[in-house]
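Enquirer: fold the following for me, if possible:
(one chain, ligands or ions: 2)
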Amino acid sequence: MAIKILECLNIGLHYPGNNYFTLKDINFAVEADQIVALLGESGCGKTSLLNVASGLIPATSGQVLFKGQPITTTPNGVSVVFQDACLLPWLNVAKNVAFGLGFKSLYVPKTERNCRVEAALKEVGLLDAADKYPAALSGGMAQRVSLARTLVRRSELSFLDEPFSSLDAITRRSMQQLLLNLLRAHRSSALLVTHDLDEALALADRLILIGREAGGTKLADWDLNSSLGTTGSPAAPNLRLTADHFFQALRAEISGRLSADLTD
Ligand SMILES: Nc1ncnc2c1ncn2[C@@H]1O[C@H](COP(=O)(O)OP(=O)(O)O)[C@@H](O)[C@H]1O
Ligand SMILES: [Mg+2]
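Expert: Ligands and ions are numbered 1, 2, ... in the order given. All right, here's what the predicted structure looks like:
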C-alpha cells in the first residue's frame, strides 16, 4: 500500500461574500513519488483547491492531511510554485533561490545554504546566471529560478499552479521535462494544476478532472499508469508519449467531458 503524502477529505470552500460554494466535497490523495494533475477549465476552482491543499487558505469544510497529520498552515517539507515566478526584483538569482532558507521555520545555516543554492542552480542550468537580477531573465529562466527555489527546500511535496502557462510552447516542453527530471531525481511528489490537457497527460501519474459548471466538484480521475497496464509510479525519465490509441481515446473523452461541463 503506497504511502499517502497528501489527503484532501471532503473539501468544501465558500469564500465570504459569494453566494455559492467554490469547491464541493472534493476527495483525493497524492501518494509518495506521485505526480497528480488537477485539470479543469479556467474558473473551476483549481487555484482555490491548491491553496487549500497547501495550507495557504483554510477549507470551509473537510480536512487536509499531510503525512497523516491535519494541517493548519503550510507545512515544512512543502513548497509552492505559482504561475508567475514571483521573484524579488531587488535580489539576484542566487539570493532569490536562498530566500526562505534563513527563516526561523526552516533555518539552514549559511554554508549549507550556499551549497544547496549552488547545487540547485546547477540542476536547473543557471549556475552562470547566479548574479543576474530578475529583470534580465527570460520567462523560462525565471521559472527555472522558481524551481531551484523549490529544490533548495528539499520539499517532499511541491504544489505547482500552472507554472508554465505563460511560456512559449517550446520552452514549456523543456520545462516540463526539467520538472519531471527533478521530481524523479529527488523522489518528490507533486500536485500540478493545469488547464493544458496534453501537459497533464504527458507528466502525471494520476489525472483529476474538476468541473466548472458542476461548481468545483471532482468529475472523474484516472490512474494513467495502471491505464497503461503498469503498476505504481513508473519513475519514467521522459515525458510520456501520448500519441498512441489509448491516449487518443482518453484525450477525446476528457475533451468531451470538459466541453459538456461548459455547455450543461
Ligand atoms: N479570494 C476570492 N474571493 C472570492 N471568490 C474567489 C476568490 N478566489 C477565487 N474566487 C472564485 O472562485 C472560483 C474559482 O476560482 P479559481 O480557484 O481561481 O479557479 P481556477 O484556478 O480554476 O481558474 C471563481 O468563481 C472565482 O471567482
Ligand atoms: Mg487558477
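
Enquirer: what about the helices in the chain?
Expert: Assigned by DSSP state H, the chain shows helices spanning 46-53, 93-98, 110-123, 139-152, 169-185, 197-203, 245-263.

Enquirer: quick check: angle from the third one to helix 169-185?
Expert: So the one you mean is helix 110-123. Helix 110-123 runs at 130 degrees relative to helix 169-185, counting by axes from the mean of the first three to the mean of the last three CA atoms, to 10 degrees.

Enquirer: taking the mean pLDDT, what do you get for helix 110-123?
Expert: Averaged across helix 110-123, pLDDT comes to 90.

Enquirer: with the fifth one instead?
Expert: Per-region confidence: helix 169-185 scores 89 on mean pLDDT.

Enquirer: wait, isn't residue 219 in contact with residue 210?
Expert: Yes - between residue 219 and residue 210 there is a contact at 6.8 Å, judged by CB atoms under 8 Å. Placement of C-beta: from N, CA and C, glycine included.

Enquirer: show me which of the two is the more surrounded one.
Expert: A direct count of neighbours by other CB atoms under 10 Å for residue 219 and residue 210 places residue 210 higher, at 25 against 18.

Enquirer: and that one, what does it touch?
Expert: Going by CB atoms under 8 Å, 6 or more residues apart in numbering, residue 210 touches 26, 38-40, 44-46, 49, 216-219.

Enquirer: what's the distance between the closest residue in space to it that isn't next to it in sequence and ligand 1?
Expert: Leaving aside its chain neighbours, residue 210 sits nearest to residue 40 (3.6 Å; criterion: CB to CB, 6 or more residues apart in numbering). Here the criterion is CB to the nearest ligand atom, to the nearest Å. By it, residue 40 lies 6 Å from ligand 1.

Enquirer: repeat that for residue 257.
Expert: From residue 257 to ligand 1 the distance is 16 Å (CB to the nearest ligand atom).

Enquirer: kindly report the same for residue 43.
Expert: Residue 43 is 5 Å from ligand 1, by CB to the nearest ligand atom.

Enquirer: then residue 256?
Expert: Distance, residue 256 to ligand 1, using CB to the nearest ligand atom: 19 Å.

Enquirer: what do you get for residue 254?
Expert: From residue 254 across to ligand 1, the span is 16 Å (CB to the nearest ligand atom).

Enquirer: show me which residues of the stretch 151-264 of the chain sit near ligand 1.
Expert: Counting by CB under 6 Å from any ligand atom, no position of the stretch 151-264 of the chain is adjacent to ligand 1.

Enquirer: related to what we said a few turns ago, let me see the contact set for the residue nearest to residue 210.
Expert: With CB under 8 Å, 6+ apart, residue 40 has these contacts: 46, 195, 209-212, 258.

Enquirer: please apply the same query to residue 155.
Expert: By CB under 8 Å, 6+ apart, residue 155 lies in contact with 77-79, 188.
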